[in-house]
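1. what's the 3D shape of this:
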Amino acid sequence: LPARSRTVGELLAPTSPFDKKCGRENWTVAFAPDGSYFAWSQGHRIVKLVPWSQCLNNFLLHGTKNVANSISTRLPRQNSDSGQKNKPCEHIIDCGDIVWSLAFGSSVPEKQSRCVNIEWHRFKFGQDQLLLATGLNNGRIKIWDVYTGKLLLNLMDHTEVVRDLTFAPDGSLILVSASRDKTLRVWDLKDDGNMMKVLRGHQNWVYGCAFSPDSSILCSVGASKAVFLWDMDKYSMIRKLEGHHNDVVACEFSPDGALLATASYDTRVYVWDPYIGVILMDFGHLFPPPTPIFAGGANDRWVRSVSFSHDGLHIASLADDKMVRFWRIDEEYPVQVAPLNNGLCCTFSTDGSVLAAGQVYTFPSTPPEIFKTQDGSVYFWATPRQVSSLQHLCRMAIRRVMPTSQVKNLPIPSKVVEFLCYQI
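-> Have a look, this model is predicted:
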């Protein structure tokens, strides 16, 4: 039997019976790339930003309960005129509409905008810039300064819900948005939020998107079994990955870019080699596994979210059977589990030591995308920890710079090639 994951803590949304802005819809959670902040959509229009180190300190001081109260009294609201720009402080942001997606982005000044002949910018992003993008129910994307809580940009082009957001990890401040309007849109925040490209190809809702670690490939997933890979230099589709039997709702690359995990309503998480489109691992959440005709219909093991740990060895999945599962990429069954009623979203902390998950409540007879959050809270668990083998660390170092085709041409024994390609 898999081990039970240890609860680290929880962040509870405040009760506000007279505040109509808090509708308790907790759709998304996110950690800043440098680990300084944690953000979650705690209610209808509200996003809360809290310093992650102070969250952990409160977990240690107060245990797992009453965390929201301790944080609210210990973390002061940031005053934009205080001059303490880089001191992590709590912010409560009213986004004006239901928040479906969050993404942190940080800039690298020497990374130039892709737009040519730029002589003037409204915003000049510095080395210490940290932004939060929020995707809204009305199709808008709002960009906030994390340190001050100020609204910087209001991006308007989508015509439906912005279901997911992802920044390019290279610090270029390229943002990609996935929407129910069946498109992905590419925005250049260093060019004052100019929309650079519309990626078309999905025939139905787009649920999620994720960049590869080198920012060269984008994966997008959506309804009707869709898993697409895009070349982000040419803005063209590379290939479609075929294998799921129902809507695909989440995706994430491994830290070395050699693997891609996708989660689907067909009760499965697939781990792919994105370079050749082959399924390497199949993590099932319903036993016995449903046949394709049943996997394509309704069941009570829909997988809602998937996240890759930063050690490149573990994957977390969250499903409708009230369980969070931690998997090793080289084992068939979960290594740890944790209970969570009506979970929807999960993500690993920046250092991989904690998994955060948002909780929702599903009313009977509602469509799968229509939820009301039970309490708008977030729960945290300690993740499986072990020292990575030297072989695995070497494999990750090689795969960060070598696609599968190059690895297979190396003059090395076939067993080593299989190991480097995650085939054993």
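2. doesn't Asn58 lie inside a helix?
-> Yes: counting by DSSP: H, G, I helix; E, B strand; the rest coil, Asn58 is part of a helix.
3. wait, isn't it in contact with Gly9?
-> Yes: using CB atoms under 8 Å, Asn58 is in contact with Gly9, at 7.4 Å. Where you see a C-beta, it was placed from the backbone N, CA and C, and this is true even at glycine.
4. so which strand or helix has the nearest residue to Tyr422 once chain neighbours are set aside?
-> Nearest non-adjacent residue to Tyr422, counting by CB to CB, 6 or more residues apart in numbering: Leu280, 5.5 Å away. Secondary-structure assignment from DSSP states H and E places Leu280 in strand 278-284.
5. and the residue nearest in space to the middle of the chain, helix, strand or coil?
-> Nearest to the geometric centre of the chain sits Thr347, at 6.0 Å (CA atoms, centre = their mean). Counting by three-state DSSP, the backbone at Thr347 sits in strand.
6. ok, now which ones touch it?
-> Counting by CB atoms under 8 Å, 6 or more residues apart in numbering, Thr347 touches Val29, Ala30, Phe31, Ser305, Ser307, Leu355, Ala356.
7. only the buried subset of those, as a ChimeraX command please.
-> Burial among those is assessed by 16 or more other CB atoms under 10 Å; the matching ChimeraX selection reads:
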select :29,30,31,305,307,355,356
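8. where along the stretch 201-350 of the chain do the strands fall?
-> For the stretch 201-350 of the chain, applying DSSP state E, counting those that start in this stretch gives strands covering 206-211, 217-222, 226-231, 236-240, 248-253, 260-264, 268-273, 278-284, 303-308, 314-319, 323-328, 336-339, 343-348.
9. winner for burial among the ones you listed?
-> Each of these was scored by mean neighbour count; the highest is strand 260-264, a mean of 27, by mean count of other CB atoms under 10 Å.
10. which helices and strands sit right next to that one?
-> Packing partners of strand 260-264 (3 or more CB pairs under 8 Å, 6 or more residues apart in numbering; DSSP states H and E): strand 217-222, strand 248-253, strand 268-273, strand 303-308.
11. dump those into a markdown table; add mean pLDDT as well.
-> Below are the helices and strands packed on strand 260-264 laid out as a markdown table (pLDDT from 0 to 100):
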| stretch | mean pLDDT |
| --- | --- |
| strand 217-222 | 98 |
| strand 248-253 | 97 |
| strand 268-273 | 97 |
| strand 303-308 | 95 |
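12. so which bits of stretch 393-402 are buried?
-> Across stretch 393-402, burial judged by 16+ other CB under 10 Å covers Arg395, Met396, Arg399, Met402.
13. which SS state does the second one fall under?
-> In this case it means Met396. Using three-state DSSP, the secondary structure recorded for Met396 is helix.
14. so how many other residues sit close to the nearest residue to it once chain neighbours are set aside?
-> Once flanking residues are discounted, Met396 sits nearest to Asp256: 4.2 Å by CB to CB, 6+ apart. Using other CB atoms under 10 Å, Asp256 has 20 other residues around it.
15. I figured Asp256 hits Gly312, correct?
-> Yes: Asp256 lies in contact with Gly312 (CB under 8 Å); the separation is 5.9 Å.
16. can you pull the contacts of Phe31?
-> Residues near Phe31 by CB under 8 Å, 6+ apart: Tyr37, Phe38, Ala39, Trp52, Phe104, Thr347, Phe348, Ser349, Thr350, Ala356.
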